[in-house]
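*Asks:* need a 3D model of the sequence below.
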Amino acid sequence: MLRLACVLALTVALPWAAAAPGPAPVVEVANLRTNQVRPGSGGPAWLETTLALNVRPAGGGPSPVVSAVRVALLMAFELPGPAGGARRTQVYAAAVECVALEPGRAEVRFYLPPEILKRDQIRGDPKFWGVELTAAGEALPAARTAYSANLGPPAARAEFQRRWAAAAAANDGILQPQHLTPFALEYPRSTPSVVRREAR
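*Replies:* Take a look at the predicted model:
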């Protein structure tokens, strides 16, 4: 009787053990690169920022993809001051939610319009940048590669987010995810589908 009770207890416990949470998925920034590009129809250049992501779903999970990955980018450019005065900083932020990311490499792109490149005299890379990632609403650990090289210590990264996230509100909507730009159909093999909330 004792042996039977032990077997029954083990049988009941197994489904609960199987439901225990497994390892979290990993989505990491491999690199960030910028480039000036022109639409296929011609016209002035936009600044294209490409985030290359390495994607590794949770081992043994029910799905081979990582669902609902939100990518938030914050960039700060150091720019010439008026009439040779003190240099100034312009900050831009944007976010996009990918429907799902398959294992391997994915690329998420954001764009600054040509009018802003001219207005703010942007010609090179951002001085500082940082990326925050979430999957299904849960924050993913930030690897060192999720920030520019000059934001090495964790305290510097936290200060960057604290100081500049609020400043980016002045330029809200200017940095645009790929699907809202003339480049929406470019790079079809590496560009993930995104959640289109404006279609609701």
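
*Asks:* please name the bridge partners of the residue nearest to Pro177 when sequence neighbours are not counted.
*Replies:* Nearest non-adjacent residue to Pro177, counting by CB to CB, 6 or more residues apart in numbering: Val96, 3.9 Å away. For the C-beta atoms, the positions are set from N, CA and C on the backbone; glycine is no exception. Applying DSSP bridges to Val96 gives these bridge partners: Val71.

*Asks:* wait, Val96 touches Arg70, no?
*Replies:* Yes - here Val96 reaches Arg70: they are 7.4 Å apart, a contact under CB atoms under 8 Å.

*Asks:* more crowded one of the two?
*Replies:* Set side by side, Val96 and Arg70 show more neighbours around Val96, with 22 against 18, by other CB atoms under 10 Å.

*Asks:* wait, what's in contact with that one?
*Replies:* Listed by CB atoms under 8 Å, 6 or more residues apart in numbering, the contact set of Val96 reads 70-71, 108, 110, 177-179, 194-195.

*Asks:* pull the number of nearby residues for Arg123.
*Replies:* 11.

*Asks:* phi, psi for it please.
*Replies:* phi -130, psi -10 (degrees, to the nearest 10).

*Asks:* ok, now how distant is it from Leu47?
*Replies:* In this view, Arg123 and Leu47 are 9 Å apart by CB to CB, to the nearest Å.

*Asks:* quick one: the strands in the chain?
*Replies:* 26-37, 46-56, 66-79, 88-101, 104-112, 128-135, 138-139, 176-177 (DSSP state E).

*Asks:* mind putting the ones you listed in JSON lines, distance to Gly152 and mean pLDDT included?
*Replies:* Shown next, in JSON lines, are those (distance: least, CB to CB, whole Å; pLDDT from 0 to 100):
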{"stretch": "strand 26-37", "distance to Gly152": "15", "mean pLDDT": "94"}
{"stretch": "strand 46-56", "distance to Gly152": "19", "mean pLDDT": "95"}
{"stretch": "strand 66-79", "distance to Gly152": "16", "mean pLDDT": "93"}
{"stretch": "strand 88-101", "distance to Gly152": "19", "mean pLDDT": "94"}
{"stretch": "strand 104-112", "distance to Gly152": "23", "mean pLDDT": "96"}
{"stretch": "strand 128-135", "distance to Gly152": "12", "mean pLDDT": "94"}
{"stretch": "strand 138-139", "distance to Gly152": "21", "mean pLDDT": "91"}
{"stretch": "strand 176-177", "distance to Gly152": "28", "mean pLDDT": "96"}
